[in-house]
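A.B. asks: Need a 3D model of the following:
(2 chains)
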There are 2 protein chains.
Amino acid sequence: MASIAVIGGTGALGKGIARRLVAAGHQVTIGSRSAEKAQATADELGAAGYAANADAAQGKDIVIVTVPHASQGDTLAQIRDRVGDAVVVDTTVPLVPPKVMRVQLPAEGSAAAQARAHLEPDARLVTAFHNVSAHHLDSDHAIDCDVLVFSDDVAARQTVVDLCPGMGLRGLSGGALANSAAAEALTSILIYMNKTYKADGAGIRFTNLAEAPAIP
Amino acid sequence: MASIAVIGGTGALGKGIARRLVAAGHQVTIGSRSAEKAQATADELGAAGYAANADAAQGKDIVIVTVPHASQGDTLAQIRDRVGDAVVVDTTVPLVPPKVMRVQLPAEGSAAAQARAHLEPDARLVTAFHNVSAHHLDSDHAIDCDVLVFSDDVAARQTVVDLCPGMGLRGLSGGALANSAAAEALTSILIYMNKTYKADGAGIRFTNLAEAPAIP
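C.D. replies: Numbering: from 1, shown residues only, chains lettered A, B, ... in the order given. Next comes the predicted model:
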């Protein structure tokens, strides 16, 4: 079991991820802008601890960042000097409200590239969890959606792929960090499908994979 | 049944698409740079006709363009004045050889945006078929992959969604033309998965859609 901070852990996505990590038996610390807000969510989920974001990120095996795109830069700046050798998992999708059903990737190519620029050059950056519905995560039911995991650090990427089955999810490597653009863009398609096809949290599955991890 | 030109119809993707359109009963014209090459494929598939690309594109209900990214601009320039009111389906994926497993979207945002610039402003541009394996298309077996269809022309988009079931495929609207970036980027992920997970033509399925077309 790993020590894991969920930064922005009081938001919908962060809370859903934290709930499943707690259920899997991990030592989860809820981070938020204020320790008080973090405490309420930690109490609700039975998490091991809570702290303001920067303190939550200190000394962990894995730090998962779950904040809106508008807060990504500031949040990563807060934890930049705290994450050390931790695997840093950025979940940011570069939605541009109000047109969230339209793909609008940033000039850098992806939110992943933006995250890269906000962290130390040797930070072990991974991106993942772009396509899983927050409200499905914040439950104990099965989720019919694969999790794409991207990184230029092969070991860090595998750490996150391996984290998924305990959360009831299949993690799949999607390759290099730059490939994160595909999953980030897909989120707008999924939001569009939620409306167009009356989906309760549309998801994706990859097919025809002979040697992929089993669907949990 | 529709009159359909498949431009670049002697290539792997074009031939696969043409085979399924012929099987569905459409009036298919194979286009290629030379009419002779087109004739061989038309004969093999039992297509209704063949012609050089520009002539093939003339007077059709639907014109499907299936050429490599490097040939996209020249090919669209050839047919620009021929397509008239046809629905023009661009299938281009902006791969950058040799690194085809890495997402490298063009500065314009997508190959769809590049196609838009190569056609008349009122051309009825749709993009689709980015994620379906060419060798699966060039067969009569079931294909476990959804087809995402993008356009700013809602009626044209629906025409292509409706074309899919006859080809043994589920077509899904992915929204605006700009959203094509998501499917284009996904192709690099699928190529990566073919290698990483020993996939024989990895595909995608969308899940949790309450009101989507049935999988054929």
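A.B. asks: Going by C-alpha atoms from here, please, whenever you check contacts or count neighbours.
C.D. replies: OK.
A.B. asks: Would you map the helices across chain A?
C.D. replies: A:12-23, A:35-45, A:53-56, A:69-79, A:111-118, A:134-137, A:154-163, A:180-196 (DSSP state H).
A.B. asks: List, one by one, the residues from chain A near chain B.
C.D. replies: For chain A, the contact set with chain B under CA under 8 Å from any CA of the partner chain comprises A:101-105, A:109, A:144-145, A:173-176, A:178-179, A:181-183, A:185-186, A:188-189, A:192-194, A:197-212.
A.B. asks: hmm, back to that, could you identify which of the helices of chain A is most buried?
C.D. replies: helix A:180-196 (a mean of 25; mean count of other CA atoms under 10 Å in any protein chain shown).
A.B. asks: Which elements pack onto it?
C.D. replies: For helix A:180-196, the elements it packs on are helix A:111-118, strand A:146-150, strand B:170-175, helix B:180-196, judged by 3 or more CA pairs under 8 Å, 6 or more residues apart in numbering or on different chains; DSSP states H and E.
A.B. asks: what's the closest of the ones you listed to residue B:35?
C.D. replies: For residue B:35, the closest of the helices and strands packed on helix A:180-196 is helix B:180-196, at 29.5 Å, according to CA to CA.
A.B. asks: relative orientation of the closest one and helix B:111-118 in degrees?
C.D. replies: In terms of direction (axes from the mean of the first three to the mean of the last three CA atoms, to 10 degrees), helix B:180-196 departs from helix B:111-118 by 130 degrees.
A.B. asks: What angle do strand A:146-150 and helix B:180-196 make with each other?
C.D. replies: 80 degrees.
A.B. asks: Phi and psi next, for residue A:168.
C.D. replies: Phi and psi for residue A:168, reported as degrees, to the nearest 10, are phi 80, psi 20.
A.B. asks: Could you save the helices of chain A as TSV and add columns showing mean pLDDT?
C.D. replies: Shown next, in TSV, are the helices of chain A (pLDDT from 0 to 100):
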stretch	mean pLDDT
helix A:12-23	98
helix A:35-45	96
helix A:53-56	97
helix A:69-79	98
helix A:111-118	98
helix A:134-137	96
helix A:154-163	98
helix A:180-196	98
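A.B. asks: Make sure residue A:161 is actually in contact with residue A:174.
C.D. replies: No: if you go by CA atoms under 8 Å, residue A:161 and residue A:174 don't touch, sitting 10.0 Å apart.
A.B. asks: what sits in contact with each of those two?
C.D. replies: Counting by CA atoms under 8 Å, 6 or more residues apart in numbering or on different chains, the contacts common to residue A:161 and residue A:174 are residue A:149.
A.B. asks: ok, now which ones touch the most centrally placed residue in chain A?
C.D. replies: With distances taken as CA atoms, centre = their mean, residue A:91 lies nearest the centre of chain A, 3.5 Å away. Neighbouring residues of residue A:91 by CA under 8 Å, 6+ apart: A:64, A:65, A:66, A:67, A:127, A:128, A:129, A:130.
A.B. asks: Just give the number of residues close to residue A:61.
C.D. replies: Counted with other CA atoms under 10 Å in any protein chain shown, the neighbours of residue A:61 add up to 19.
A.B. asks: For the residues of chain A next to chain B, which ChimeraX command selects only the ones that are buried?
C.D. replies: Those of those that count as buried under 16 or more other CA atoms under 10 Å in any protein chain shown are selected in ChimeraX with:
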select /A:101,102,103,104,105,109,144,145,173,174,175,176,178,179,181,182,183,185,186,188,189,192,193,194,197,199,200,201,202,203,204,205,206,207,208,209,212
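A.B. asks: Among the contacts of residue A:91, which are located in strands?
C.D. replies: Among the contacts of residue A:91, the members found in strands (DSSP state E) are A:64, A:65, A:127.
A.B. asks: Most neighbours of all these, which one?
C.D. replies: In terms of neighbour count, residue A:127 stands highest of the ones in strands among the contacts of residue A:91 at 30 neighbours, by other CA under 10 Å.
A.B. asks: any idea how far that one is from chain B?
C.D. replies: As defined by CA to the nearest CA, to the nearest Å, residue A:127 lies at a distance of 14 Å from chain B.
A.B. asks: Quick check: chain neighbours aside, which residue is closest to residue A:184?
C.D. replies: In space, and not counting its chain neighbours, residue A:184 is closest to residue A:93: 5.1 Å by CA to CA, 6 or more residues apart in numbering or on different chains.
A.B. asks: List just the nearest of the ones in strands among the contacts of residue A:91 to residue B:28.
C.D. replies: For the ones in strands among the contacts of residue A:91, the residue nearest residue B:28 by CA to CA is residue A:127; the value is 43.9 Å.
A.B. asks: is the closest one in a bridge, and if so with what?
C.D. replies: For residue A:127, the beta-bridge assignment (DSSP bridges) gives partners residue A:90, residue A:150.
A.B. asks: Residue A:203 now?
C.D. replies: Beta-bridge pairing for residue A:203 (DSSP bridges): residue B:207.
A.B. asks: pretty sure it is touching residue A:194, no?
C.D. replies: No: taking contacts as CA under 8 Å, residue A:203 lies outside contact range of residue A:194: 9.4 Å.
A.B. asks: For residue A:124, grab the count of nearby residues.
C.D. replies: The number of residues packed near residue A:124 is 23, by other CA under 10 Å.
A.B. asks: next one: residue A:151
C.D. replies: Using other CA under 10 Å, the number of residues around residue A:151 comes to 25.
A.B. asks: From residue B:179, how far off is the nearest residue to it once chain neighbours are set aside?
C.D. replies: Of all residues not flanking residue A:151 in the chain, residue A:177 sits nearest, at 4.2 Å (CA to CA, 6+ apart). Using CA to CA, to the nearest Å, residue A:177 is found at 20 Å from residue B:179.
A.B. asks: Repeat that for residue A:92.
C.D. replies: According to CA to CA, residue A:92 stands 18 Å off from residue B:179.
A.B. asks: mind putting the ones in strands among the contacts of residue A:91 in a markdown table, pLDDT and distance to residue B:27 included?
C.D. replies: Output for the ones in strands among the contacts of residue A:91, formatted as a markdown table (pLDDT from 0 to 100; distance: CA to CA, whole Å):
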| residue | pLDDT | distance to residue B:27 |
| --- | --- | --- |
| A:64 | 98 | 54 |
| A:65 | 98 | 53 |
| A:127 | 99 | 46 |
